[in-house]
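Visitor: Quick one, structure for this:
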Amino acid sequence: MRVFVTGASGHIASAVIPELVSAGHSVVGLARSDRSAAAVAAIGAEVRMGDLDDLDGLGAAAREADGVIHLAFKHDAQRSGDLAGAVAADLRAVETIGAALKGSGKPFVGTSATAALVLAGFQGRLTERDTLPGGPRIDAENTVIALAGSHVRSSVVRLPPTVHSLGRYGFVSDLIAIARASRVAGYVGNGANRWPSADTRDVGRLYRLALESAPAGSRLHAIAEEGITLRDTAAAIGRTVGVPVATVSSQDVEQHFGSVSGFVGLDNPVSSRLTRDTLGWAPTRPGLIADLDAHREGADGSVPDSDRDALERNI
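Guide: Down below sits the predicted model:
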């Protein structure tokens with residue numbers, strides 16, 4: 001297949017594109033800068049210049065491809081406080097790609113986030129069958145799934161807050177940066193709230209399987225570990241950075257955690273049983289705690305080379 005991939009220079013794509021190429025697919029990757037284009041070309045994809053605001057370009061690329069994987073999201077806008085703008089751009093891109101694929105029977109794999117459902121009010125252990133009628137990122141997810149009724153083999157991969165490998169950790173990268181700056185690895189309350197996780201390379205394999213064989217209308221969970229307590233994660237961060245671990249009082253959460261203060265207290269246990277049964281996906285890579293312990297900083301405070309880009313993420 002000739003596959004069009006958005007967000008092609010991001011963290012998730014760094015595993016998705018090599019996985020596709022090694023399976024015999026050709027990839028056209030969207031890049032918005034010369035630096036991004038070089039990164040995309042280096043992992044084996046043909047470069048198409050553009051971004052999420054270039055709707056004409058997105059539609060044309062989707063029509064020309066045999067399938068689409070949509071990974072891009074405006075994380076810079078989200079981190080700067082414009083979540084609404086990032087969410088709106090994502091929905092416009094999904095609608096544009098979907099319109100280009102209607103009636104084609106081609107696969108379209110979208111991306112959502114397990115934490116989006118918790119932020120929108122979901123409580124309990126999230127499964128692939130659980131849905132909500134709307135909300136940030138959920139509207140885009142539901143739009144992709146609805147395309148199954150327009151002869152598109154659509155599916156959505158829900159990503160955990162923590163997608164990790166080789167010194168990159170999703171939202172946990174922010175917690176590491178905060179621990180470095182504050183000299184304490186913090187958690188909220190008793191730290192019993194849980195975040196799911198998966199290794200980036202296992203996630204890359206799931207996207208390939210979804211592209212190749214996911215049934216139309218499938219919601220898929222890229223979850224290797226159903227839920228690691230934030231207390232255990234903070235302890236591993238403390239070992240990694242070499243700082244003490246402590247709870248952060250409720251009145252100090254926003255000041256201490258900054259841009260991730262709205263996420264840090266979320267309880268987000270997630271099952272991936274249906275995904276594994278449907279696609280035969282079986283994560284094999286190390287878990288989050290083992291990954292963190294393998295990338296401890298030096299006694300002099302130096303940072304391993306693989307950690308230098310830890311704040312880059314694409315979830």
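
Visitor: so how far is the helix or strand containing Leu58 off the chain centroid?
Guide: Assigned by DSSP states H and E, Leu58 belongs to helix 55-64. How far helix 55-64 lies from its chain's middle: 23 Å, per CA atoms, centre = their mean, to the nearest Å.

Visitor: Strands along the stretch 101-250 of the chain, start to end?
Guide: For the stretch 101-250 of the chain, the strands defined by DSSP state E, counting those that start in this stretch cover 107-113, 153-159, 162-164, 185-188, 194-199, 218-221, 225-229, 245-248.

Visitor: What helices and strands are in contact with the helix holding Leu58?
Guide: Packing contacts for helix 55-64, counted by 3 or more CB pairs under 8 Å, 6 or more residues apart in numbering; DSSP states H and E, involve strand 2-6, strand 26-31, helix 83-101. Yep, even glycine has a C-beta here, placed from its N, CA and C like the rest.

Visitor: need these in CSV with mean neighbour count, distance to Leu159 and mean pLDDT, can you?
Guide: CSV is the format used below for the helices and strands packed on helix 55-64 (neighbours: other CB atoms under 10 Å; distance: least, CB to CB, whole Å; pLDDT from 0 to 100):
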stretch, mean neighbour count, distance to Leu159, mean pLDDT
strand 2-6, 25, 14, 98
strand 26-31, 23, 18, 98
helix 83-101, 20, 13, 97
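
Visitor: Out of these, the one nearest Pro196 is which?
Guide: helix 83-101 (20.9 Å; CB to CB).

Visitor: ok, so what distance separates Ala222 from Asp267?
Guide: To Asp267, Ala222 is 19 Å away according to CB to CB, to the nearest Å.

Visitor: which one of the two has more residues nearby?
Guide: Ala222 (30 against 15; other CB atoms under 10 Å).

Visitor: check contacts around that one.
Guide: Contacts for Ala222 (CB atoms under 8 Å, 6 or more residues apart in numbering) come out as Val157, Arg158, Leu159, Pro160, Val163, Ala198, Asp202, Val203, Leu206, Ser272, Thr275.

Visitor: I figured the first one hits Leu209, correct?
Guide: Okay, so that is Val157. No: with contact defined as CB atoms under 8 Å, Val157 and Leu209 do not form a contacting pair (9.8 Å).

Visitor: Between those two, which has more neighbouring residues?
Guide: For Val157 versus Leu209, neighbours defined as other CB under 10 Å are more numerous around Val157 (28 against 21).

Visitor: Need the per-residue pLDDT for that one.
Guide: Turning to Val157, the model gives it a pLDDT of 98.

Visitor: Before I go, just wanted to say thanks for your time.
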